[in-house]
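Visitor: Give me a 3D structure for the following:
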Amino acid sequence: MGFAFERWCLKNEILLARMMNFGNVEYNAGAFFNRSTIVNIPGFQIDLMYIRKDHRIIVCEIKYYDSNVPSNVEKEITQKIELFREHNKKFNNYIIHLKKH
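Guide: Residues are numbered from 1 along each chain as shown. Next up is the predicted model:
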């Protein structure tokens, strides 16, 4: 169910942007992948990312949530943001907002 929800969110990124109150801001959206081929540098995936023209980045970590399973979403997102900033210096002056769905 988690993968299906993630795919739905990617297909409906315009609707989600409107729901998060920035549908009128110009942006690029999609999943972000960084597959490292270097052993000591981990690869990572950001489920849905909006890079806005107003120098803001919205990071959405999309999870199917089962209340019986503990989640480390906060830690996972923080690690992904650190890796993203490390590998994409041109976005260091952007403000990053996190969205958990």
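
Visitor: Pull the contacting residues for residue 2.
Guide: Neighbour list for residue 2: 62, 63, 64 [criterion: CB atoms under 8 Å, 6 or more residues apart in numbering]. For the C-beta atoms, the positions are set from N, CA and C on the backbone; glycine is no exception.

Visitor: TSV please, covering those and showing pLDDT, secondary structure and neighbour count.
Guide: Formatted as TSV, the contacts of residue 2 follow (pLDDT from 0 to 100; DSSP: H, G, I helix; E, B strand; the rest coil; neighbours: other CB atoms under 10 Å):
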residue	pLDDT	secondary structure	neighbour count
62	83	coil	20
63	77	coil	15
64	72	coil	12
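
Visitor: for these, which one is nearest residue 14?
Guide: Nearest to residue 14 among these is residue 62, at 15.7 Å by CB to CB.

Visitor: Spit out the contact partners of the closest one.
Guide: Contacts for residue 62 (CB under 8 Å, 6+ apart) come out as 2, 5, 6, 9, 47, 48, 101.

Visitor: all strands of this structure, in order?
Guide: 27-34, 44-52, 56-61, 95-100 (DSSP state E).

Visitor: Just want the angle from the top helix by length along the chain to strand 44-52.
Guide: Longest helix of the chain, by residue count under DSSP state H: helix 73-87. Interaxial angle, helix 73-87 versus strand 44-52 (axes from the mean of the first three to the mean of the last three CA atoms, to 10 degrees): 70 degrees.
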